[in-house]
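K.L.:
Model the following, please.
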Amino acid sequence: MALEALGQLLNLPNIFHFLFLSGPCAAASSKSGAIMSNEIVNSSESWRAINDPRIGSTQIEWGEFMIKLGARACIVATDTSLSDKTARKLWFEINQRISPPGQQPGDLMWYLKPTVRRFHAAMILALYGECQRSMPSYAAFAHAYYHYARMTASGSDRKTWMNDPAMRSSDQNYLIPYSRGRFLCNVYTDELDASGNRLCQLKVKRCKKCSSLFLSTALEASQVCPNCG
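P.N.:
The predicted structure is shown next:
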């Protein structure tokens, strides 16, 4: 299933139902489920109106948006027209510390443990697929991640970051940080090579028992999610 098709299947107003109400992700807490349900309704009103986040805003503002979601300076420089020096200066001004160094993500198996990460990864891919239908790739991921972060914010997250629970102080405050979510969306594909083999070893599946989407490996035969298996 291509990301665009996945996004079309799970259009924004229905994502909460398919990913949560029909599955185990948020059903454990009716309170958190109600919070996320309200979030998806509030977010859907402005969803279709956004075509390009750079319209009416400067690249600095666009960079600030990404940084507040947890993007490192190197990612901001790559995904905008800002220079590396400007991106790092902007990152420091917002966070009052130097943008952390380190290698970019590269381990696809990271997304499979713990179990809940499989559901979150599928959610990010579904949101990204929806965004890709009307936005360029650099804008699509940032918007997808913003909605993902808001919808999955816990009650404590909403108390700690009252201005916007999607924008937190550290990437450790997200189950899937910005950089890892971006890497997943960049490498995930349902395309096949000339021999008919998948180009990506990961695959989004729908559980036959609870209908939730979850991330799995292409070689894993089971169509049942980890919570139902």
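K.L.:
do you know how far A126 is from E64?
P.N.:
Applying CB to CB, to the nearest Å, the value for A126 to E64 is 26 Å. (C-beta placed from N, C-alpha, C; glycine too.)
K.L.:
Give me the more crowded residue out of those two.
P.N.:
Taking other CB atoms under 10 Å, A126 and E64 do not tie; A126 has more neighbours (27 against 18).
K.L.:
who touches stretch 139-149?
P.N.:
12, 43, 50, 52-54, 65-66, 69, 71, 79, 120, 123-124, 127-128, 130-132, 135, 165-168, 174, 176, 178, 181-182, 185 (CB atoms under 8 Å, 6 or more residues apart in numbering).
K.L.:
Do a quick rundown of the helices in the chain.
P.N.:
3-9, 12-16, 30-47, 59-68, 73-79, 84-95, 115-132, 137-151, 155-160, 178-187 (DSSP state H).
K.L.:
V204 is nearest to which of these?
P.N.:
helix 115-132 (5.1 Å; CB to CB).
K.L.:
what comes up buried for that closest one?
P.N.:
116-132 (16 or more other CB atoms under 10 Å).
K.L.:
Also stretch 218-229?
P.N.:
225-228.
K.L.:
For L82, list the residues it contacts.
P.N.:
Contacts of L82 by CB under 8 Å, 6+ apart are 59-60, 63, 76, 90.
K.L.:
and with 10 Å instead?
P.N.:
For L82, the contacting residues are 58-60, 62-63, 66, 73, 76, 88-90, by CB atoms under 10 Å, 6 or more residues apart in numbering.
K.L.:
what pLDDT does it get?
P.N.:
The model reports L82 with a pLDDT of 88.
K.L.:
Quick check: phi and psi at it.
P.N.:
Taking degrees, to the nearest 10, you get phi -70, psi 150 for the backbone angles of L82.
K.L.:
so where's the chain shaky on pLDDT?
P.N.:
Applying pLDDT under 70 to the chain flags residues 1-57.
K.L.:
hmm, what's the outermost residue in it?
P.N.:
Distance from the centre of the chain peaks at S195, with 30.8 Å (CA atoms, centre = their mean).
K.L.:
Please tell me how far it sits from Y188.
P.N.:
In terms of CB to CB, S195 sits 20 Å off from Y188.
K.L.:
same check, this time on L199
P.N.:
Taking CB to CB, one finds L199 at 10 Å from Y188.
K.L.:
now S212
P.N.:
18 Å.
K.L.:
same check, this time on A71
P.N.:
19 Å.
K.L.:
out of those two, which sits in the more crowded spot?
P.N.:
Neighbour count, other CB under 10 Å: between A71 and Y188, A71 has more, with 27 against 23.
K.L.:
Just to check, the more buried one is in contact with Q104?
P.N.:
No: between A71 and Q104 there is no contact under CB atoms under 10 Å: 11.5 Å.
K.L.:
Noted, bye for now.
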